[in-house]
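Asker: Provided below are the primary sequence and the corresponding predicted coordinates.
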Amino acid sequence: MSDLASSLTEEQLNILKDAALDFALSHGLVVRPPPTPLSKDDPHHATLSTGVINAPVSLFPTPFPKQAFHDAVRIQPLFSQLVHDISEDDAFLKEIMESLSHVDDFVKRLYDLYLIVKKEGIAQPASLGIHRSDYIIHLNPGQDFSEAAIKQVELNTISVSFGSLSSLTGDLHRYLQATTGYFSNKVDLDALPTSESIESIASGLASAHKHYGSKSAKVMMVVQPGERNAFDQRWIEYNLLNKHGIVLIRKTLAEVADHGRLDPTTKALYIGDQEISVAYYRSAYATTDYPTEKARYALYTPEWDGRLLAERSLAIKCPTVAYQLVGAKKVQQVLAAPGQLERFVKDPQSAALLRASFTGLYPLDHTPEGLAAYEAALINSDELVMKPQREGGGNNIYGKDIQVALRTLSAEQRNAYILMDIIRPPITKNVLLRKGELQRADVVSELGVYGIYLHSGKQVVRNDIGGHLLRTKGVESNEGGVAAGFAVIDSLILV
């Protein structure tokens, strides 16, 4: 595929660009542009644009090793089950979260919420997980590209995005191939795996709604104010209505607090007069989602009030706060330690499959392993990334900046972070389309595999693979988030 991108003329690329832009605008493969500041003197206050721009995408699908892709798909149900099993282990969560709570106020608030609801009694035993496990392929020196292995970057348990736009990007690449043949450099369409994520997420919500048992209830998507990525979310809403006959409403956390109430007998959640079957979070994963300082209660802002109200309710949560806590980077690091994964995964073959996807993960706590990792990073941090307990992109620390950060942080503050070995993927070439403009680039890619998991409280209702996402970025970028502006949405061509 790198040969295809480099062999085309500028005129041919512009033809592809125009076709891609028309396809994107016709099919909802779009995002809102950044807000416009009200004035140069007040850049923090802005107006949301009523227009749209193409979602950042690649012009061509990116080569990906076939075996590595199948390995990632194969283990996704194992990871989804692992999330649930850890969420049920109070002692394991306590051991990790009490330590983090001393150095990370956001984790502390989440864990306090978890403890409040556990003490009161769980109103809804069922839980829905829409997860995504992200991988980069690692290629050892002298290895053939097809032999590259997946290494897990992180496991996302809340607000996993781009399920809709990733499916549409694959459709875009198939359309360009069908209509232009990429100008006689034909691509084997059978090598472009279809991602069903545009439908599987709605299907998961529909399953949870059905399990809830009230046909008149509605699914609630909890969103950020002024969401730029609303169109990725709207496809879920439309598929939920058109294919399952279920209405979805959109509310912010503050709106949940202001307009929500619980039935005093059943604990059913109502927003106004609308009963809510499923509370599906496309926010609530970052400190910026809880911005209001004025609190109605002693410890919580209105946003936290909204989160607590939903968590207390009979609505099925996607995710529960317990699932969200399991997605912390510290949990990922602890599971990599000898014997910890096997605490939850009893089947040796399954445990071996999961462990094969782990890269080097190290604590920065007071243990001998944590102190050793700290000392080693002060000497050489070029092959490491330092991660906090955060989602959303732009939070990691790389290279020499790690040494600066470690010297700045106290011994206790270091416990809020982990270290991970840098994964070195093979470099390919592609053409990126951002805001209507093309850029030829040397790129690396990150694969995400979605999992749909529903548990009744007594048994697994479904544990399915939900499609995939490929994000591609220039080699000069450390971060990989599309919404954060670092990457574009891509699709795979299996080799």
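Answerer: Looks like it came in fine.
Asker: dump the residue contacts of residue 127.
Answerer: Neighbouring residues of residue 127 by C-beta atoms under 8 Å, 6 or more residues apart in numbering: 84, 87, 316-320, 322-323, 454-455, 457. Where C-beta positions appear, they are placed from N, C-alpha and C, glycine not excepted.
Asker: over to residue 375?
Answerer: No contacts exist for residue 375 under C-beta under 8 Å, 6+ apart.
Asker: turn the contacts of residue 127 into TSV, including neighbour count and distance to residue 351.
Answerer: TSV is the format used below for those (neighbours: other C-beta atoms under 10 Å; distance: C-beta to C-beta, whole Å):
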residue	neighbour count	distance to residue 351
84	21	16
87	23	18
316	26	29
317	26	28
318	28	27
319	28	24
320	27	25
322	26	22
323	23	21
454	24	24
455	24	21
457	12	25
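Asker: and the helices in the stretch 51-200 of the chain?
Answerer: 66-87, 90-101, 105-120, 163-180, 197-212 (DSSP state H, counting those that start in this stretch).
Asker: can you list the neighbours in contact with stretch 399-408?
Answerer: By C-beta under 8 Å, 6+ apart, stretch 399-408 touches 364, 374, 377-378, 381-382, 384-386, 397, 414, 417, 419.
Asker: ok so, going back, so can I have JSON lines of the helices of the stretch 51-200 of the chain showing mean pLDDT and distance to residue 306?
Answerer: Converted to JSON lines, the helices of the stretch 51-200 of the chain look like this (pLDDT from 0 to 100; distance: least, C-beta to C-beta, whole Å):
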{"stretch": "helix 66-87", "mean pLDDT": "97", "distance to residue 306": "21"}
{"stretch": "helix 90-101", "mean pLDDT": "95", "distance to residue 306": "21"}
{"stretch": "helix 105-120", "mean pLDDT": "96", "distance to residue 306": "11"}
{"stretch": "helix 163-180", "mean pLDDT": "96", "distance to residue 306": "24"}
{"stretch": "helix 197-212", "mean pLDDT": "98", "distance to residue 306": "19"}
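Asker: starting at the chain centroid, how far to the helix or strand harbouring residue 330?
Answerer: Assigned by DSSP states H and E, residue 330 falls within helix 329-336. Centroid separation for helix 329-336 versus its chain: 17 Å, with C-alpha atoms, centre = their mean, to the nearest Å.
Asker: now do that helix: which elements does it pack against?
Answerer: helix 90-101, strand 149-156, strand 361-363, strand 417-421 (3 or more C-beta pairs under 8 Å, 6 or more residues apart in numbering; DSSP states H and E).
Asker: measure how it sits relative to strand 417-421, angle-wise.
Answerer: Angle of helix 329-336 versus strand 417-421, following axes from the mean of the first three to the mean of the last three C-alpha atoms, to 10 degrees, is 50 degrees.
Asker: residues making contact with the helix or strand that helix 329-336 is followed by?
Answerer: Once helix 329-336 ends, the next helix or strand along the chain (criterion: DSSP H and E) is helix 348-356. With contact meaning C-beta under 8 Å, 6+ apart, helix 348-356 is reached by 71, 74-75, 78-79, 82, 149, 336, 341-342, 345.
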